[in-house]
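**Q** I need the structure of the sequence given here:
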Amino acid sequence: MRKRIISTGISAVLIGGLLLTACGGNRLEVSSSSASGSSETGSSVEKNSSVAAEHVGPFGKYDPSVKMTFARTVDNDLNDNILPKTPGETIESNRWLDLYSKDLGIDINYAWTVRGGLNDDAYTQKLNVTIASGDLPDVLIVNRTQLKQLAESDMIADMTEYYDKYASKLTKEVYNSEGPGILESATFNERLMAVPYADASVESTQYLWLRQDWLDKLNLEPPKTMQDLLKIAKAFSTLDPDGNGKDDTYAMAITKNLYSGAMGTEGFFAGYHSYPNMWVTTDEGTLAWGSVLPETKEALKALADMYAAGEIDPEFGIKDGAKVAEMIAAGKLGINFGEQWNPMYPLISNYQNDPEADWVGYPIVSIDDTLPKVPQKFRTQWYYAVRKDYANPEAVVKLINLHLEKNWGENNEFDYYYMPAENGAVGVWKFSPVAPAPTNKNLEAFNEIQKARKLGDMSILKGEPAVIQGNLEAYYGGDTSQWGWEKIYGPTGVFNALNGYIENSQVMREEFVGAPTPTMVDKQSSLRTMELEMFVRIIMGDVSIDEFDKFVENWNALGGAQMTKEVNEWYQTIKK
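**A** Numbers count the residues shown, from 1 in each chain. Reported below is the predicted structural model:
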């Protein structure tokens, strides 16, 4: 196994790179009411032996209490939807922070907050500045590359013994639900250097969303093969499915980024047994980047043919997701590959503009007699990293335990701590600075609802399935804002397709779940840019499909071959 590089602090090169990143982009929206930094909380004092003796066990309470600072985001849902519906609660004072203080003796403050999500520029910029300064909050939520940098710079606590000792039974069940991958992704030199923000690979599953009303109008059956889908694409773009007498519709929604949970191409590629943008197992038992395998060339050729036939928006190469979503809302597209949540965005906007618009989710289809494997990308990309000199690193594990227990434990209080009905069933769980969840909870909720339907007794539903059923009943009662829930969790909802994938052994999870390799850190960003640019040019006909072979050569020469070597070296260590 590759040795970990240790230093007494972040290198000058790393600090310079982080500061350069932080200086660009949008202005930060930093909370003016946030708490002071970790250096002022007193939480970096030596561990007190009397305190340590009192908090034994996964739910043991600190007495006296301990202080903990976080950095966090405040996304649009939390700011614009949840806060207005939970009067009397704020980011700094709410039911979750009260619970952690009362039950665990952990008093939480925020060193800083920014508007937006974890993937937004504001958080990335502020986080990079914080890391470069060396003045860390007690807990930071970092991505895989930042975690690697912090671990190699010896700035964060080794969480191995704390996780082993303090993680509850439910926590360990959740973190082992996808095999060793979730914890392995935060492991360096056999040491767990952070507690992952466990995310569900199953939620990356791709489905084929179609305008059912267009199919019906054109007397077309749902596709069973890729050939069927290509015929539908031609019909959607040439037979005036919207009936306005104009040649103004296209078939398939695609953005310039190609890979996405909505309006992407990965479900289409899978129909050709191609799995770009993820590491897959070859027939030889090694790992390879799916984008450079021969099957990808065939799928690109099919997309190029669709583009040439006018079935794909000629301007897709310069349009991001928001722009393509506008086309969906305007009723100009009828095919969308994406994840289960797509009815919530962007498909509902089409329905809101046109109540006749009816999107239905189907399984993806194959170009031949072999069922396509359905890619499930490894989704755990964020980690709770604890600064090295924090006195009680085990406290973050206890927070995770309690969050899971209050929402999904045997004696849960889901209706108060997750989606309380009296607050419009908004996700108050977002008040918590830690937010793990069981990785299969959405599919399990669907199956519980299906079971209740068969029994004819919806009263057996508890927790999240009961809340979802309430949304379904609201839709059936005329609340059209709940349309998306019916498309996902209704009797013919898209999770039926997921159950079919599982029954047919079609699920294919991404194989590489380790920390970024050295070449990934240095080269992967530029390789991804090169890949997207070349694939878009091939689809748009700017270059011949044969340029794919040259792209593969260049990809290997510019770092891809070395990255693949490093990935397979890692793969050998976990196979032993």
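
**Q** Would you mind writing the CA trace of stretch 141-160 as CSV?
**A** Extracted as CSV, the C-alpha positions of stretch 141-160 are listed here (Å, rounded to 0.1, in the frame of the first residue of the first chain):
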residue,chain,number,x,y,z
ILE,A,141,-17.4,18.7,6.0
VAL,A,142,-14.9,18.1,3.2
ASN,A,143,-14.7,16.3,-0.1
ARG,A,144,-12.4,13.4,-0.9
THR,A,145,-9.6,15.5,-2.3
GLN,A,146,-9.7,17.9,0.6
LEU,A,147,-9.8,15.0,3.0
LYS,A,148,-6.7,13.5,1.4
GLN,A,149,-4.9,16.8,1.7
LEU,A,150,-5.8,17.3,5.4
ALA,A,151,-4.8,13.7,6.2
GLU,A,152,-1.5,14.0,4.5
SER,A,153,-0.8,17.3,6.2
ASP,A,154,-1.6,15.7,9.7
MET,A,155,-4.3,18.3,10.5
ILE,A,156,-7.2,16.0,11.4
ALA,A,157,-7.8,13.3,14.0
ASP,A,158,-7.5,9.6,13.3
MET,A,159,-11.1,8.4,13.8
THR,A,160,-10.4,4.7,13.7
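
**Q** mind listing what's buried in it?
**A** 141-144, 146-153, 155-159 (16 or more other Cβ atoms under 10 Å). To be clear about C-beta, it is placed using only N, CA and C from the backbone, and glycine gets the same treatment.

**Q** Other residues contacting the biggest helix by length in the chain?
**A** Longest helix in the chain, counting residues (DSSP state H): helix 518-539. Residues outside helix 518-539 that contact it (Cβ atoms under 8 Å, 6 or more residues apart in numbering) are 2, 145, 148, 254, 256-258, 276, 291, 300, 303-304, 307, 312, 317, 516, 543-545, 547-548, 551, 554-555, 558-560, 562-563, 566.

**Q** and the helix or strand following that helix, what does it pack onto?
**A** With elements assigned by DSSP states H and E, the helix or strand that comes after helix 518-539 is helix 547-555. For helix 547-555, the packing partners by 3 or more Cβ pairs under 8 Å, 6 or more residues apart in numbering; DSSP states H and E come out as helix 294-308, helix 518-539.

**Q** mind checking the SS state of residue 61?
**A** When classified by DSSP: H, G, I helix; E, B strand; the rest coil, residue 61 comes out as coil.

**Q** number of nearby residues for the closest residue to it other than its chain neighbours?
**A** Closest residue in space to residue 61, ignoring its immediate chain neighbours: residue 105 at 4.4 Å, by Cβ to Cβ, 6 or more residues apart in numbering. Residue 105 is flanked by 19 other residues according to other Cβ atoms under 10 Å.

**Q** what residues are up against residue 105?
**A** Counting by Cβ under 8 Å, 6+ apart, residue 105 makes contact with 55, 61, 62, 63, 64, 65, 66.

**Q** Helices of the stretch 351-500 of the chain, start to end?
**A** Per DSSP state H, counting those that start in this stretch, the stretch 351-500 of the chain carries helices over the ranges 395-408, 414-417, 441-455, 463-476, 483-489, 495-503.

**Q** Can you tell me which of those helices is nearest to residue 286?
**A** helix 495-503 (25.2 Å; Cβ to Cβ).

**Q** which parts of the helix or strand just after the closest one are buried?
**A** As assigned by DSSP H and E, the chain's next helix or strand after helix 495-503 is strand 507-509. By neighbour count with 16+ other Cβ under 10 Å, strand 507-509 contains the buried residues 508, 509.

**Q** In its sheet, which strands sit next to strand 507-509, and in what direction?
**A** Using DSSP bridges, the strands paired with strand 507-509 are strand 374-376 (parallel).

**Q** List the contacts of the partner strand.
**A** 201-202, 204-206, 266, 270, 275, 278, 364, 501, 506-510.

**Q** Kindly recompute the last result at 10 Å.
**A** 178, 200-207, 266-267, 269-270, 274-278, 280, 290, 363-364, 497-498, 500-502, 504, 506-510 (Cβ atoms under 10 Å, 6 or more residues apart in numbering).

**Q** same deal with stretch 447-457?
**A** 440, 458-466, 468-469, 472, 489-491, 493, 495-496, 498-499.

**Q** Please, a ChimeraX command that selects the buried ones among these?
**A** Filtering the contacts of stretch 447-457 down to the buried ones (16+ other Cβ under 10 Å) takes a single ChimeraX command:
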select :440,461,463,464,465,466,468,469,472,489,490,493,495,498
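
**Q** Which of the contacts of residue 105 has the largest number of neighbours?
**A** In the contacts of residue 105, the most neighbours by other Cβ under 10 Å go to residue 66, 24 neighbours.

**Q** Show me the beta-bridge partners of it.
**A** Beta-bridge partners, per DSSP bridges, of residue 66: residue 106.

**Q** What pLDDT is listed against it?
**A** Residue 66 carries a pLDDT value of 97.

**Q** Does it touch residue 106 like I think?
**A** Yes: taking contacts as Cβ atoms under 10 Å, residue 66 lies within contact range of residue 106: 5.9 Å.

**Q** picking up where we left off before, using JSON lines, please lay out the helices and strands packed on helix 547-555 together with mean pLDDT and distance to residue 334.
**A** JSON lines is the format used below for the helices and strands packed on helix 547-555 (pLDDT from 0 to 100; distance: least, Cβ to Cβ, whole Å):
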{"stretch": "helix 294-308", "mean pLDDT": "98", "distance to residue 334": "13"}
{"stretch": "helix 518-539", "mean pLDDT": "96", "distance to residue 334": "19"}
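
**Q** Tell me which of these sits most buried.
**A** Highest mean neighbour count of the helices and strands packed on helix 547-555: helix 294-308, a mean of 19 (counted as mean count of other Cβ atoms under 10 Å).

**Q** Of all the residues in the next helix or strand after it, which ones are buried?
**A** Beyond helix 294-308 on the C-terminal side, the first helix or strand identified by DSSP H and E is helix 321-329. By 16+ other Cβ under 10 Å, the buried positions in helix 321-329 come out as 321, 324, 325, 327, 328, 329.

**Q** Who are the contact partners of the first one?
**A** Neighbouring residues of residue 321 by Cβ under 10 Å, 6+ apart: 253, 255, 256, 257, 260, 261, 262, 263, 264, 345, 346.

**Q** Residues contacting stretch 232-247, please?
**A** 208, 210-211, 213-223, 248-252, 306, 309-313, 330-335, 354, 356-357.

**Q** Cross the residues you listed against helices and list the overlap.
**A** Those of the contacts of stretch 232-247 lying in helices (DSSP H): 213, 214, 215, 216, 217, 306.

**Q** show me where the stretch 1-150 of the chain has strands.
**A** All strands of the stretch 1-150 of the chain, identified by DSSP state E, counting those that start in this stretch, fall at 66-74, 106-115, 139-143.

**Q** The stretch 201-350 of the chain too?
**A** According to DSSP E, counting those that start in this stretch, the stretch 201-350 of the chain carries its strands in the segments 207-211, 250-252, 279-281, 287-289, 333-338.

**Q** Residue 571: which of those is closest?
**A** Of the strands of the stretch 201-350 of the chain, nearest to residue 571 by Cβ to Cβ is strand 287-289, at 5.3 Å.

**Q** Got phi/psi on the spatially most central residue of the chain?
**A** For the chain, the residue nearest the mean C-alpha position is residue 379 (5.3 Å; Cα atoms, centre = their mean). Here is the backbone geometry of residue 379 (degrees, to the nearest 10): phi -100, psi -20.

**Q** In this structure it contacts residue 203, no?
**A** Yes: the criterion here is Cβ under 10 Å, and residue 379 meets it with residue 203 at 6.4 Å.

**Q** and residue 383, what is it in contact with?
**A** Taking Cβ under 10 Å, 6+ apart as the test, what residue 383 contacts is 140-144, 146-147, 150-151, 156, 159, 185-186, 192-197, 515.

**Q** Among the residues you listed, which are located in helices?
**A** 144, 146, 147, 150, 151.

**Q** Of the residues you listed, which is the nearest to residue 572?
**A** residue 144 (20.2 Å).
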